[in-house]
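> turn this into a structure:
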Amino acid sequence: STNVVSFDDFLAGRLSFHRANVVITFDDGYQSWVSKAVMALKTLNLPATFFVSSGFVGLPKQREIEFLRSRLQVLKQTTGGLSADDLRRLSAEGFTIGGHTCNHMNLAQSYDLVELRKEILVDKQRLETIIGKEIHYFSYPFGLCYNARIDLAELLKEAGYKGAVTTASGLNRSGANPYLLSRE
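Below you'll find the predicted structure:
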């Protein structure tokens, strides 16, 4: 049996001691979140965090297809990206919005500090402008959080983030680095 908690509750330590604690997350910014996931989550009264690449929000169809192919590396047909109104709705429904870089950039592959900071900070600012509130959490695109030359967690701290998730498999124990959290 599990205990589903918000990202805020997880990092604040408001957890069950008798059940496994789970945070529900979604990455990238797909329209199906609004058309499918929100209803199910609301029906079950479950919190969730939606990590969004701001450059995928509100694109015209042709640019959306190009973003899917080149940035998200998705070749199959999808429901498309979120509009700014969709993003505002997710936030208004009480869900947490998090950053995911402007262009779904693999942060582990760049050594350009200016570019990395821009991808992280501009994304955060764009999302905050759209939803009208601060965001605190980040998901590394492709789940990759290790950069041989640059401390990505430090860049996230500088940008004002409080925590970040990877795709490293495993459970997060008490005292885990909040900028390198695992996900199953």
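> phi first, then psi, for residue 49.
Dihedral pair for residue 49: phi -120, psi 130, per degrees, to the nearest 10.
> three-state assignment of residue 26?
Applying DSSP: H, G, I helix; E, B strand; the rest coil to residue 26 yields a three-state assignment of strand.
> need the contact list for the closest residue to it other than its chain neighbours.
Nearest non-adjacent residue to residue 26, counting by Cβ to Cβ, 6 or more residues apart in numbering: residue 50, 4.9 Å away. Where you see a C-beta, it was placed from the backbone N, CA and C, and this is true even at glycine. Listed by Cβ atoms under 8 Å, 6 or more residues apart in numbering, the contact set of residue 50 reads 25, 26, 29, 33, 90, 95, 96, 97, 98.
> scan the residues you listed and report the most crowded one.
Per-residue neighbour counts (other Cβ atoms under 10 Å) across these peak at residue 29, which has 29 neighbours.
> show me what contacts it?
Per Cβ under 8 Å, 6+ apart, neighbours of residue 29: 50, 52, 53, 56, 57, 81, 82, 87, 100.
> kindly recompute the last result at 6 Å.
Contact partners of residue 29, counting by Cβ atoms under 6 Å, 6 or more residues apart in numbering, are 52, 53, 56, 81, 82.
> ok, back up a step: looking at the contacts of residue 50, which are in strands?
25, 26, 96, 97, 98 (DSSP state E).
> max pairwise distance over those: which two?
25 and 97 (11.4 Å; Cβ to Cβ).
> endpoints of stretch 8-28, how far apart?
End-to-end distance of stretch 8-28: 20 Å, with Cα to Cα, to the nearest Å as the criterion.
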